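1. mind folding the following:
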Amino acid sequence: MNKAERAQTLLNDEWFQEEIDTIRKSLISQLTNSDEMDIDIRERCYLKLRVLDEIMGHFSSIASSDQLVKRRWKIL
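-> From the prediction side, this is the model:
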């Protein structure tokens with residue numbers, strides 16, 4: 001199994017997706033329920049959400065790279 005297949009398997013894994021959603025919901029809850037003066041907490045939650053998005057984007061990019069290679073060969 002190559003990297004693209006492993007990334008796609010991870011992205012398709014129901015348990016993994018549920019855990020990512022749980023983390024995302026927890027961070028959004030912390031963000032929206034923070035006190036007015038808790039600027040540091042909101043900034044950390046925002047940063048964590050961006051990092052989570054970046055990680056998921058990275059896996060998506062790896063998973064789609066296999067498809068790009070296959071399409072490239074069809075064009076050539």
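2. tell me what the helix or strand in which residue 7 is found is packed against?
-> Using DSSP states H and E, residue 7 maps to helix 3-12. Applying 3 or more C-beta pairs under 8 Å, 6 or more residues apart in numbering; DSSP states H and E, one finds that helix 3-12 makes contact with helix 39-75. For glycine as for every other residue, the C-beta is placed from the backbone atoms N, C-alpha and C.
3. so what's the spatially most central residue of the chain closest to, chain neighbours aside?
-> Geometric centre of the chain, nearest residue: residue 56, 2.1 Å, by C-alpha atoms, centre = their mean. Distance criterion C-beta to C-beta, 6 or more residues apart in numbering; nearest residue to residue 56, sequence neighbours excluded, is residue 20 at 6.8 Å.
4. other residues contacting the helix or strand harbouring the one you found?
-> Using DSSP H and E, the element containing residue 20 is helix 14-32. Applying C-beta atoms under 8 Å, 6 or more residues apart in numbering, the contact partners of helix 14-32 are 10, 11, 41, 42, 45, 46, 48, 49, 52, 56.
5. stretch 15-31: which residues count as buried?
-> 27, 30, 31 (16 or more other C-beta atoms under 10 Å).
6. now swap in stretch 5-14 and tell me
-> For stretch 5-14, by 16+ other C-beta under 10 Å, it's 7, 8, 11.
7. isn't the second one up against residue 63?
-> If I follow you right, that is residue 8. Yes: using C-beta atoms under 8 Å, residue 8 is in contact with residue 63, at 4.1 Å.
8. give the other helices and strands that the helix or strand of the chain with the lowest mean pLDDT contacts.
-> Least confident helix or strand, the chain: helix 39-75 with a mean of 87, by mean pLDDT, DSSP states H and E. Helix 39-75 sits against helix 3-12, helix 14-32, with contacts defined as 3+ C-beta pairs under 8 Å, 6+ apart.
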